[in-house]
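*Asks:* model this:
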Amino acid sequence: MTTPLRDVLQDGLPALSGDVIAIRGGHPLRGRVDVKGAKNLATKAMVATLLGETASTLRDVPDLSDVAVVRSLLEVHGVRVEEGDEPGSLIFDPSGVESAHMEEIDAHAGASRIPILFCGPLLHRLGQAFIPDLGGCRIGDRPIDFHLDALRKFGAVVEKLPSGIRLSAPQRLHGASIHLPYPSVGATEQVLLTAVRAEGTTELRNAAIEPEIMDLIAVLQKMGAIISYEPNRVILIEGVDTLRGYDHRSIFDRNEAASWASAALATDGEIFVGGAKQQEMLTFLNVFRKAGGWFDIQEDGILFRRGGDLQPVIVETDVHPGFMTDWQQPLIVALTQAEGRSIVHETVYENRFGFTQALVKMGADIVVHPHGLQNGPRRVPRRELEQAAVITGPTPLHGADIVVPDLRGGYSHVIAALTAQGQSQVSGVDILSRGYEKFLDKLDALGADFDVVR
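*Replies:* I've put the predicted structure just below:
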């Protein structure tokens, strides 16, 4: 049984609880979608509110399940969260922060990996923290050793338990010299959120420098932190005794913007992404153009469409300012329609090509090399975990029954179904609420033909 979209939308919000959508593809997506604040900034800025002595206001907060998880965890620890003075704004009052029971933390954390970032702020405020067993998208090994090693250098005592990790700070945390073996975004955020109130100076080398990291630094500076970005991925943090609240508007979600751009390319449509900005998407825009895309940068967003026949490209994912790993999955759907052979080298996660199995089922010609390709010119150094996908096109896609594997892969499956001829049934779409606000609403606005299966 299927239910028309209008019957599952309530107050303009998408109901993804059905978990399965039936898509009739072969129609270009046309229209406008607007992107709000970046999930990868909003959730971290919410954690930062624990560090302040006064209330904070965060604006352009996306309505996502990851945001709801962090809000719940803050409330469990005594933070009062209220709606702000404009849509999408939240006010956080940390004056009532207190310890929470392990069972409550575990129940509210769900599958999110965000709780690990609570460690530093909670150690400063309470002298202790508990982190449950971490979940998240199953796209590869995401070890938390970088986080724990850094926290130990700050003076934290780490105790691993069957149910999670208990941390304590017998004395005030102190500054440290930390060199990350890889410019991990999460570990960089951990160091920033811990160092700002540690005693002394922290030097972080080989830091991640993604735009969301820089926006988090801006948030912390508003709170009274002293942070400087030095050449060659070095960040210096001078610890302070106290921090105040902030008022901040989140940077836009460049991952969502790139996803809709790839959807326009794959379906031969035309999508205006309101809120998208050029500077943070320079690398993506270059590859988009090489692949045959056309874009027009305007004051309030970017218009995306094809500029002619799609062309094969060679892409290597990397940390910023390289091509983001989150961008390659939606782009691969478009590359199945390009004339010739494209190659995507995945250097960040070792299991991120699992989603291509569904595309092959739909008619795509994609060969995954689990140990990468040894030969050929490279810009990004090889990593041991590297994989490569070779996409040969164009290949017509046809409808199929497919199951969503993870957030970006799931989005890519939906776009593949919209590109394909015939009907597809996509299961597990509720995971898309982790990273795409009002996803069904936006598909409907772009003219997608689908129903929610009850």
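
*Asks:* count of neighbours near P370?
*Replies:* 11 (other C-beta atoms under 10 Å). The C-beta positions use only the backbone N, C-alpha and C, and glycine is treated the same way.

*Asks:* likewise for N351?
*Replies:* Neighbours of N351 under the rule other C-beta under 10 Å: 17.

*Asks:* quick check: the gap between it and E299.
*Replies:* 40 Å (C-beta to C-beta, to the nearest Å).

*Asks:* over to L64?
*Replies:* For L64, the distance to E299 equals 26 Å [C-beta to C-beta].

*Asks:* for the protein, which spans come out with low pLDDT?
*Replies:* Along the chain, the parts satisfying pLDDT under 70 run over 1-18, 101-103, 106-112, 133-143, 376-377, 454.

*Asks:* can you show me the helices along it?
*Replies:* In the chain, the helices defined using DSSP state H lie at 39-48, 65-76, 102-109, 119-126, 145-153, 185-195, 211-222, 254-267, 282-290, 325-335, 356-361, 407-419, 439-445.

*Asks:* counting by contacts, list what the longest one packs against.
*Replies:* Pointing back at helix 254-267 there. Packing contacts for helix 254-267, counted by 3 or more C-beta pairs under 8 Å, 6 or more residues apart in numbering; DSSP states H and E, involve strand 270-274, helix 282-290, strand 293-298, strand 301-306, helix 325-335, helix 407-419.

*Asks:* same thing but 6 Å
*Replies:* Judged by 3 or more C-beta pairs under 6 Å, 6 or more residues apart in numbering; DSSP states H and E, helix 254-267 is in contact with strand 270-274, strand 301-306, helix 325-335, helix 407-419.

*Asks:* kindly reformat these as a markdown table containing distance to G435 and mean neighbour count.
*Replies:* As requested, the helices and strands packed on helix 254-267 are arranged in a markdown table below (distance: least, C-beta to C-beta, whole Å; neighbours: other C-beta atoms under 10 Å):
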| stretch | distance to G435 | mean neighbour count |
| --- | --- | --- |
| strand 270-274 | 15 | 21 |
| strand 301-306 | 19 | 20 |
| helix 325-335 | 9 | 26 |
| helix 407-419 | 5 | 27 |
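
*Asks:* adding distance to K438 as columns, could you present these in JSON lines?
*Replies:* Converted to JSON lines, these look like this (distance: least, C-beta to C-beta, whole Å):
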{"stretch": "strand 270-274", "distance to K438": "13"}
{"stretch": "strand 301-306", "distance to K438": "16"}
{"stretch": "helix 325-335", "distance to K438": "18"}
{"stretch": "helix 407-419", "distance to K438": "14"}
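
*Asks:* ok so, going back, counting neighbours, go ahead and name the busier of L64 and E299.
*Replies:* With neighbours defined as other C-beta under 10 Å, L64 and E299 compare such that L64 has more, 23 against 5.

*Asks:* nearest spatial neighbour of M214, chain-adjacent residues omitted?
*Replies:* Y229 (7.5 Å; C-beta to C-beta, 6 or more residues apart in numbering).

*Asks:* am I right that R205 is in contact with P181?
*Replies:* No. With contact defined as C-beta atoms under 6 Å, R205 does not count as touching P181 (10.3 Å).

*Asks:* which one of the two is surrounded by more residues?
*Replies:* Legend: neighbour count by other C-beta under 10 Å for R205 and P181, higher for R205 (14 against 10).

*Asks:* roughly how far apart are the more buried one and V81?
*Replies:* Separation of R205 from V81 (C-beta to C-beta) stands at 35 Å.

*Asks:* can you tell which of the helices of the chain is closest to S95?
*Replies:* S95 lies closest, by C-beta to C-beta, to one member of these: helix 119-126, at 10.9 Å.

*Asks:* and that closest one, how far from the chain's centre?
*Replies:* Its chain's average C-alpha position is 24 Å from that of helix 119-126, according to C-alpha atoms, centre = their mean, to the nearest Å.

*Asks:* so which elements touch that helix?
*Replies:* Secondary-structure packing of helix 119-126 (3+ C-beta pairs under 6 Å, 6+ apart): strand 128-132, helix 185-195.

*Asks:* contacts for it?
*Replies:* For helix 119-126, the surrounding residues in contact (C-beta atoms under 6 Å, 6 or more residues apart in numbering) are 50-51, 97, 99, 129, 151, 156, 167, 169, 193-194, 197.

*Asks:* can you pick the most crowded of these?
*Replies:* T194 (31 neighbours).

*Asks:* not counting sequence-adjacent ones, nearest residue to it?
*Replies:* T194 sits nearest to G120 (C-beta to C-beta, 6+ apart), 2.9 Å away.

*Asks:* do the same with Q298
*Replies:* Excluding the flanking residues, the one nearest Q298 by C-beta to C-beta, 6+ apart is F272, at 8.0 Å.

*Asks:* my guess is the one you found contacts R32, does it?
*Replies:* Yes. Assessed by C-beta under 6 Å, F272 is found in contact with R32 at 4.4 Å.

*Asks:* mind checking the end-to-end distance for stretch 371-384?
*Replies:* 8 Å (C-alpha to C-alpha, to the nearest Å).

*Asks:* show me how far that stretch is from its chain's centre.
*Replies:* Computed by C-alpha atoms, centre = their mean, the separation of stretch 371-384 from the middle of its chain amounts to 25 Å.

*Asks:* and the strands in the stretch 351-454 of the chain?
*Replies:* 365-369, 387-393, 401-403, 423-427, 449-453 (DSSP state E, counting those that start in this stretch).

*Asks:* out of the ones you listed, nearest to S89?
*Replies:* Across the strands of the stretch 351-454 of the chain, closest to S89 is strand 449-453 (C-beta to C-beta), at 29.7 Å.

*Asks:* buried residues of the closest one, list them for me.
*Replies:* Neighbour-count burial for strand 449-453, with 16 or more other C-beta atoms under 10 Å as criterion, is recorded at 450-453.

*Asks:* nothing else from me, thank you.
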